[in-house]
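Have a look at this fold, sequence not included:
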């Protein structure tokens with residue numbers, strides 16, 4: 001069923017909503033151009049406003065009147081007459097030949113350049129390549145294509161509109177479609193109170209720093225490893241990443257994440273020295289472990305061992321502790337130290353299965369998890385493929401009030417799927433009181449009522465933890481019957497220790513035994529597959545605390 005918005009000017013109303021929000025909450029951070037734009041936009045006739053917003057929301061900066069057919073706007077050429085004096089759009093813009101080819105279809109190119117065979121029949125990209133050398137100078141559109149009756153405009157202020165979008169969303173990856181999806185009811189967002197302290201940007205410098213970081217990030221991710229001048233450009237990007245403190249925690253976290261990614265790229269390029277220099281100044285989780293790794297690869301074992309010893313005194317996470325258990329004995333051996341035996345956790349319970357392959361209706365093979373599920377499932381002991389969804393959903397439902405607590409810097413627009421600081425090291429600490437109240441329900445037995453009430457009340461609202469589309473009420477009911485509250489509390493406490501790492505790594509399957517009020521988690525590994533580090537950490541944690549988990553190793557039966 002296709003949902004249709006009744007308000008034909010929905011996009012304009014949403015754009016105006018953003019401008020009003022920004023003017024009300026961020027006026028002190030805006031520059032003169034932005035303030036003037038907001039004031040002037042409100043004075044335009046509605047068709048002119050609508051035409052402008054249509055241009056802002058479409059890709060590119062060049063537009064043909066013949067392609068701007070919107071019944072609610074009417075004649076686009078007439079609507080544009082009120083826009084042209086603002087300077088926000090320009091008619092008959094000066095274009096190079098590449099820009100011209102973006103606007104014209106192939107028959108128009110043939111006519112504009114009076115092409116003859118064989119170029120007339122060539123592909124459009126071949127035509128451009130052939131003509132580019134002969135037409136190097138830019139010129140107005142009307143001079144490129146004198147016989148065209150169409151009107152062309154270019155929008156001049158998209159960077160300004162992107163800055164306003166940034167101020168509203170706090171990022172540049174969310175766009176105007178967020179409004180449309182919400183208006184259509186496809187996405188629903190939790191309503192959180194906004195205070196002055198909850199603004200994402202606190203100063204004009206914050207906006208400038210974000211844009212500077214964004215430009216560096218865009219250049220970095222456009223790089224092609226091994227391409228021409230790759231190392232030089234990578235070094236240039238690194239030099240342009242700001243090193244000074246931003247006085248804004250979530251901006252600092254974005255910078256640290258970018259530095260970590262740049263360090264990884266230098267490491268992949270086997271530039272050990274530069275990679276180590278980047279990791280050494282980076283505070284992103286895992287940077288210290290990567291620094292040890294590149295020092296070892298660079299055969300600077302003394303430096304690597306000194307860093308290991310410092311880290312061993314205070315590991316930053318379970319992931320780092322796991323890494324230290326591996327690298328420590330190796331470094332000690334290379335330095336001739338007394339042999340240190342690496343600690344090995346006892347292996348988890350193991351189930352070996354030898355089963356025939358199962359083909360799908362399309363002729364492909366079932367995934368190994370599906371084959372094991374089908375083999376183990378019984379009416380009295382059902383098996384479900386849940387992986388990370390069940391534990392995270394139960395956590396998200398019970399701790400909904402804490403996750404969506406309106407604390408400063410967590411929410412600063414109405415379209416958050418979760419708090420902006422979700423992966424920050426102090427995520428739990430900043431909401432300690434709220435999480436304590438939620439987890440206390442696991443002690444007094446009221447957690448079942450709370451989880452199911454949230455499931456009904458918040459159904460479909462976006463959450464970073466709840467998988468509405470993958471679980472149903474029946475699974476929740478049986479899970480809450482079979483999983484002890486003490487086990488849920490252990491799961492949730494570990495998730496809160498490190499949300500980014502510990503929300504993943506749960507076993508693939510879960511089997512319930514309702515008559516006995518118990519459950520079993522099952523991690524499935526097919527031929528040649530092995531346990532990943534985050535899976536090993538969860539398995540060790542579960543076994544340490546007496547929670548049932550089995551690793552199932554599946555082998556295929558040989559065809560007769």
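That came through, no problem. In this text the structure is predicted, and so the values were computed from the model without any measurement.

Rounded mean pLDDT for stretch 435-452, please.
Averaging pLDDT along stretch 435-452 gives 97.

Actually, stretch 277-290.
The model assigns stretch 277-290 a mean pLDDT of 94.

For residue 323, list the residues it contacts.
289, 292 (Cβ atoms under 8 Å, 6 or more residues apart in numbering). From N, CA and C alone the C-beta is placed, and that goes for glycine too.

what about the stretch 201-350 of the chain, any weak spots by pLDDT?
340-345 (pLDDT under 70).

Break down it into its helices, ranges please.
With helices called from DSSP state H, counting those that start in this stretch, the stretch 201-350 of the chain shows them at 204-222, 230-240, 249-268, 272-281, 287-297, 301-313, 318-334.

Is there a neighbour count for residue 490? I'd like the number.
18 (other Cβ atoms under 10 Å).

In this structure residue 454 contacts residue 394, no?
No: the criterion here is Cβ atoms under 8 Å, and residue 454 misses it with residue 394 at 10.2 Å.

Look at these two and report which has more neighbours.
More crowded of residue 454 and residue 394, by other Cβ under 10 Å: residue 394, with 23 against 19.

so that one, which of the three states?
Following DSSP: H, G, I helix; E, B strand; the rest coil, the label given to residue 394 is helix.

And residue 552, by the same measure?
Assignment for residue 552 (three-state DSSP): strand.

hang on, it packs against residue 351?
Yes: using Cβ under 8 Å, residue 552 is in contact with residue 351, at 4.3 Å.

quick one, which of the helices of the stretch 201-350 of the chain is packed in tightest?
Ranked by mean neighbour count, the helices of the stretch 201-350 of the chain are led by helix 287-297 with a mean of 22 (mean count of other Cβ atoms under 10 Å).

Can you list the neighbours in contact with that helix?
Contacts of helix 287-297 (Cβ under 8 Å, 6+ apart): 256, 259-260, 263-264, 267, 270, 272, 275-276, 279-280, 301, 303-304, 307-308, 311, 316, 319-320, 323-324, 327, 330-331, 334.

does the residue nearest the centre of the chain sit in a helix, a strand or a coil?
Closest residue to the average C-alpha location of the chain: residue 173 at 8.7 Å, with Cα atoms, centre = their mean. Following three-state DSSP, we place residue 173 in the coil state.

ranges for the strands of the stretch 451-560 of the chain?
509-513, 518-525, 549-556 (DSSP state E, counting those that start in this stretch).

tell me what the first one is packed against?
Contact here means 3 or more Cβ pairs under 8 Å, 6 or more residues apart in numbering; DSSP states H and E; on that basis strand 509-513 packs against helix 368-376, strand 383-385, helix 473-482, strand 518-525.

Pairing partners for it, with directions?
The pairing partners recorded for strand 509-513 under DSSP bridges are strand 383-385 (antiparallel), strand 518-525 (antiparallel).

Taking their axis directions, that strand and strand 549-556 sit at what angle?
Put simply, strand 509-513 runs at 120 degrees to strand 549-556, going by axes from the mean of the first three to the mean of the last three Cα atoms, to 10 degrees.

do the same with the second one
Orientation check (the same axes, to 10 degrees): strand 518-525 against strand 549-556 gives 40 degrees.

looking at the helices of the stretch 201-350 of the chain, which is closest to residue 533?
helix 318-334 (6.1 Å; Cβ to Cβ).

on that earlier part again, tell me which of residue 552 and residue 351 has more neighbours.
residue 552 (22 against 16).

Please name the bridge partners of that one.
Note on residue 552: beta-bridge partners residue 351, residue 524, judged by DSSP bridges.
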